[in-house]
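Enquirer: I'd like to go over a predicted model; first the sequence, then the structure.
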Amino acid sequence: MVYYEHDLALIHARGYGGYADYCAPDILDLLEPVRTGPGLVLELGCGSGALTRHLLDAGFAVIATDAAPAMLELAWEAFGGEADLRRLRLPDDPLPAADAIVSVGHVISYLRDAAAVDRALVAMAAALRPGGVLAIDVCDLAYGPIRAAEGNVARTGPDWAIITEFSGLAPDKITRDITTFVPDGHGAWRRGRERHENVLVDTSLIPALLASHGVEAVVGTSFGVAEVPPGLRVVTGVKR
């Protein structure tokens, strides 16, 4: 399944960077211990680069990755050679060694099932250098009912519109049908449609999994001070 093709990637870049801005101060505080030395941060699911910009401005070397080519194209337009941009698809592509691994936007919840989420977490643990910091968010089992109860959502911007319909809910998965509208360059609007599925996991099991691979981690509702949306959980930890 392909997520974030051109039009949705563009809308996401123009209208949805606020969450990364919101989380960035707490994430940067978590990364202070790895600022000395190489300070290499691996970002998973960088999108168009909202969090990437905060990392670069704070002086970190960044490998910014995403599975969606359209997102990486937007990131390249934003950063050029400032960041090392790579296409990376979890859980199978190898991860480069890093002093920190960060991710916002419940990136690993786009994997196909809980087993794939576990494999991705194990890969992150293996890629972290000793003393390295992990900071990611993920959809808990509680996320689906909370989001579905909010109903369908429509948003507009100066040159875009998006409608998100909640079309399916299972104990371990939520499905959304997303319709996009952007100008077609000829005086009309182009309509696009994507179906997104997010796997839901019991996040209380994650610390034990990571501990068995050398990362002491906790699950919470913030990266520090600012609370993430209900149903999301934050996993933070340090490699022994």
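Expert: Arrived safely, thanks for sending.
Enquirer: end to end on stretch 134-148, go ahead and measure it.
Expert: Using C-alpha to C-alpha, to the nearest Å, one end of stretch 134-148 lies 29 Å from the other.
Enquirer: just the buried residues of it, please?
Expert: Residues of stretch 134-148 classed as buried: 134-141, 143-144, 147-148 (neighbour count, 16 or more other C-beta atoms under 10 Å). For every residue, glycine as well, the C-beta is placed using N, CA and C.
Enquirer: and of those residues, the nearest to residue 105?
Expert: For these, the closest approach to residue 105 (C-beta to C-beta) belongs to residue 137, at 7.2 Å.
Enquirer: the closest one falls within a strand, correct?
Expert: Yes - inclusion of residue 137 in a strand is indicated when DSSP: H, G, I helix; E, B strand; the rest coil is applied.
Enquirer: that one touches residue 233, doesn't it?
Expert: Yes - between residue 137 and residue 233 a contact is recorded at 6.8 Å, counting by C-beta atoms under 8 Å.
Enquirer: quick one, helices of the protein?
Expert: In the chain, the helices defined using DSSP state H lie at 6-15, 18-31, 50-57, 69-79, 114-127, 143-149, 206-211.
Enquirer: the closest residue to residue 124 other than its chain neighbours: what's it in contact with?
Expert: Closest residue to residue 124 in three dimensions, ignoring its sequence neighbours and counting by C-beta to C-beta, 6 or more residues apart in numbering: residue 101, at 5.0 Å. Residues near residue 101 by C-beta atoms under 8 Å, 6 or more residues apart in numbering: 41-44, 95, 124, 127-128, 132-136.
Enquirer: and residue 101, how far from residue 3?
Expert: When distances are taken as C-beta to C-beta, to the nearest Å, residue 101 and residue 3 turn out to be 20 Å apart.
Enquirer: how about residue 134?
Expert: With distances taken as C-beta to C-beta, residue 134 is found 23 Å from residue 3.
Enquirer: look up phi and psi at the residue nearest to residue 64 when sequence neighbours are not counted.
Expert: Closest residue to residue 64 apart from its sequence neighbours, by C-beta to C-beta, 6+ apart: residue 46 at 3.8 Å. Phi and psi for residue 46, reported as degrees, to the nearest 10, are phi -70, psi -20.
Enquirer: okay, residue 46: pLDDT?
Expert: Each residue has a pLDDT score; the one for residue 46 is 98.
Enquirer: wait, it sits on residue 67?
Expert: No - under the criterion of C-beta under 8 Å, residue 46 is not in contact with residue 67, lying 10.2 Å apart.
Enquirer: who's more crowded, the two?
Expert: residue 46 (34 against 19; other C-beta atoms under 10 Å).
Enquirer: show me the domain layout of the chain.
Expert: Taking automatic domain parsing as the reference, the chain has its domains at 6-139+201-239, 143-199.
Enquirer: picking up where we left off before, going by distance to residue 158, which of the contacts of residue 101 wins?
Expert: Sorting these by how near they are to residue 158, with C-beta to C-beta, puts residue 43 at the top with 28.0 Å.
Enquirer: and the nearest residue to the closest one once chain neighbours are set aside, how far is that from residue 16?
Expert: With C-beta to C-beta, 6+ apart as the measure, residue 64 is the residue that lies nearest to residue 43, at 4.7 Å, once sequence neighbours are left out. According to C-beta to C-beta, residue 64 and residue 16 sit 17 Å apart.
Enquirer: the two: which has the busier surroundings?
Expert: Neighbours of residue 64 and residue 16, each counted by other C-beta under 10 Å, are more numerous for residue 64; the result is 29 against 17.
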